[in-house]
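fold the following and give me the result.
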Amino acid sequence: MPQATATAPAPAPSARPRRGGSEFSPLLRQVREQGLLDHRPGWYALDIGLTLLGLGTVAAVLLLAGPTWWSLLLAVPLAVLSARAAFLAHDAGHAQITAERGAGRAIQLLHANLLLGMSREWWNDKHNRHHAHPNHLDKDPDVAADVLVFAEHQTAGRTGLRGFLTRHQALLFFPLTTLEALALKLYGVQAVLAKDGPYRTRRERLTEGALLLLHFTGYAALLLTALTPAQALAFALVHQMLLGLHLGMAFAPNHKGMERPDQHEDGDSWGHLRRQVLTSRNIRGGALTDWFLGGLNYQVEHHLFPSMPRPHLRLAQPAVRAHCRALGIPYTETGFTDSYRQALGHLHEVGAGLREERAGRPE
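Numbering: from 1, shown residues only. Okay, the predicted model is just below:
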């Protein structure tokens with residue numbers, strides 16, 4: 001059965017956002033004193049080692065098995081391991097793995113560009129803007145109108161295929177997530193080729209482009225060496241679709257349907273604490289949930305402390321929850337299934353206007 005959402009009491013009018021970081025500072029000091037912002041190189045070294053070992057093992061078994069349709073079963077563990085690489089790339093981009101910029105960049109280039117075929121700098125640019133202004137329709141690229149829309153006014157003028165997608169976006173959400181991994185690759189290639197891409201230097205662009213090319217070449221070579229062309233194409237589709245679904249399941253429930261600062265007159269004046277807590281949703285669960293979602297189930301803690309190592313997020317949760325309760329700030333956490341119910345319910349509600357408009361249109 002879905003678990004109900006739990007939140008702290010809604011803030012009283014007198015507890016409206018304060019300017020500056022005064023609400024956040026005591027929590028930051030407490031977390032820092034507990035050592036929860038200290039890096040965990042050993043933990044991450046083990047995670048990286050196991051991920052690379054797993055990827056190498058799948059590749060070796062694929063080559064040893066030869067051209068057989070049974071090899072498509074290996075697309076499942078490969079998708080899971082590719083998602084592990086994506087989580088590590090995410091953590092490296094937030095300086096969770098190491099404070100040394102060069103080492104962090106190398107780790108992220110390895111996992112994002114080389115292993116996934118995704119542009120590191122494109123992702124960082126987009127994701128950092130999301131963290132700075134979560135759920136703000138005008139400033140957060142993750143809620144900009146695209147295939148999906150997240151607010152009623154974004155549905156205006158959507159007809160044809162886009163209108164169909166919007167009317168049924170809740171129903172189509174999970175099928176659409178199977179395209180997420182392919183979309184990340186496409187956006188990365190576009191960023192490398194674009195004249196106005198996010199790269200600061202020509203060398204940076206060339207490095208990322210070379211690693212992307214190496215990824216696509218190596219991926220194609222592996223599959224075409226081990227499998228027939230038809231089997232290789234089927235394997236790639238299954239692998240990429242499962243990877244997209246996994247990533248979509250990790251990112252989908254974190255912010256959809258939560259507060260939007262652009263809806264509030266004082267939203268732009270919210271301090272760091274309220275901006276991150278009010279727009280984020282946590283997912284309850286144990287070690288399996290933490291592993292499957294890459295720690296993103298602690299979305300509140302991650303947004304408050306982006307550089308906090310993944311294994312420390314659950315340790316910070318009690319302090320964050322208590323601090324929010326003391327200030328009367330809603331702290332939202334819900335069960336795994338209910339988080340998707342809420343996210344999909346929001347998408348369904350956004351598309352209601354177009355469905356009603358179509359239902360009332362004469363044939």
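
tell me the contacts of the closest residue to L227 other than its chain neighbours?
Excluding the flanking residues, the one nearest L227 by C-beta to C-beta, 6 or more residues apart in numbering is P67, at 5.1 Å. For the C-beta atoms, the positions are set from N, CA and C on the backbone; glycine is no exception. Neighbouring residues of P67 by C-beta atoms under 8 Å, 6 or more residues apart in numbering: 226-228, 231.

can you tell me the SS state at P67?
Of the three states, P67 takes coil under DSSP: H, G, I helix; E, B strand; the rest coil.

next one, pLDDT for it please.
Here, the pLDDT recorded for P67 equals 96.

then the one 10 residues further on?
Confidence at P77, expressed as pLDDT, is 98.

related to what we said a few turns ago, just name the closest of the contacts of P67 to L172, please.
Checking these against L172 by C-beta to C-beta gives Q231 as the nearest, at 28.7 Å.

you'd agree that closest one is up against W69?
Yes - the criterion here is C-beta atoms under 8 Å, and Q231 meets it with W69 at 6.2 Å.

hmm, back to that, and the contacts of P67, which of them are buried?
226-227, 231 (16 or more other C-beta atoms under 10 Å).

okay if I get these as JSON lines plus pLDDT?
Below are these laid out as JSON lines (pLDDT from 0 to 100):
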{"residue": "A226", "pLDDT": "97"}
{"residue": "L227", "pLDDT": "98"}
{"residue": "Q231", "pLDDT": "98"}
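
in helices, which of those fall?
If you go by DSSP state H, the buried ones among the contacts of P67 have 226, 231 in helices.

going by distance to L313, which of the buried ones among the contacts of P67 wins?
A226 (38.0 Å).

contacts only, for that closest one.
62-63, 65-67, 71, 232.

what sits against L212?
With contacts defined as C-beta under 8 Å, 6+ apart, the neighbours of L212 are 113, 117, 119, 188-189, 192.

what about 10 Å?
Going by C-beta atoms under 10 Å, 6 or more residues apart in numbering, L212 touches 112-114, 116-120, 185, 188-189, 191-192.

so where does it fall, helix or strand?
Take DSSP states H and E as the rule and L212 turns out to sit in helix 202-226.

one step back: now the two most distant members of the contacts of P67.
A226 and T228 (9.3 Å).

residues shared between the contacts of those two?
Overlap of the contact sets of A226 and T228 (by C-beta under 10 Å, 6+ apart) consists of 66-68.

nearest to P77 among those residues?
Minimum distance to P77 across the shared contacts of A226 and T228 is 16.3 Å, recorded for T68 (C-beta to C-beta).

neighbours of the closest one, just the number please.
Here the number of neighbours of T68 (other C-beta atoms under 10 Å) works out to 12.

that one and L74: what is the separation?
10 Å (C-beta to C-beta, to the nearest Å).

ditto for R29
Distance of R29 to L74, computed by C-beta to C-beta: 49 Å.

more neighbours, those two?
Each of R29 and L74 has its neighbours counted (other C-beta under 10 Å); L74 has more, 19 against 10.

wait, the more buried one touches L55, no?
No - contact criterion C-beta atoms under 10 Å: L74 and L55 do not qualify, at 11.2 Å.

rewinding a little: dump the contacts of L212 into a markdown table; add neighbour count as well.
Shown next, in a markdown table, are the contacts of L212 (neighbours: other C-beta atoms under 10 Å):
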| residue | neighbour count |
| --- | --- |
| A112 | 30 |
| N113 | 26 |
| L114 | 17 |
| L116 | 25 |
| G117 | 24 |
| M118 | 27 |
| S119 | 29 |
| R120 | 29 |
| K185 | 18 |
| G188 | 25 |
| V189 | 19 |
| A191 | 24 |
| V192 | 24 |
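
now render the residues you listed as TSV, adding secondary structure, pLDDT and distance to F305.
Formatted as TSV, the contacts of L212 follow (DSSP: H, G, I helix; E, B strand; the rest coil; pLDDT from 0 to 100; distance: C-beta to C-beta, whole Å):
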residue	secondary structure	pLDDT	distance to F305
A112	helix	97	22
N113	helix	97	26
L114	helix	98	28
L116	helix	97	25
G117	coil	97	29
M118	coil	96	24
S119	coil	96	26
R120	helix	96	22
K185	helix	97	30
G188	helix	94	27
V189	helix	95	32
A191	helix	94	28
V192	helix	94	31
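
that older thread, got phi/psi on the residue nearest to L227?
When read as degrees, to the nearest 10, the backbone of P67 gives phi -70, psi 90.

measure it to L55 for me?
Separation of P67 from L55 (C-beta to C-beta): 21 Å.

now, which of the buried ones among the contacts of P67 sits nearest Y340?
Y340 lies nearest to Q231 out of the buried ones among the contacts of P67, by C-beta to C-beta, at 33.1 Å.

I'd assumed T225 was in contact with the closest one.
No - here Q231 does not reach T225: they are 11.5 Å apart, not a contact under C-beta under 10 Å.

what helix or strand does G285 sit in?
Per DSSP H and E, there is no helix or strand for G285.
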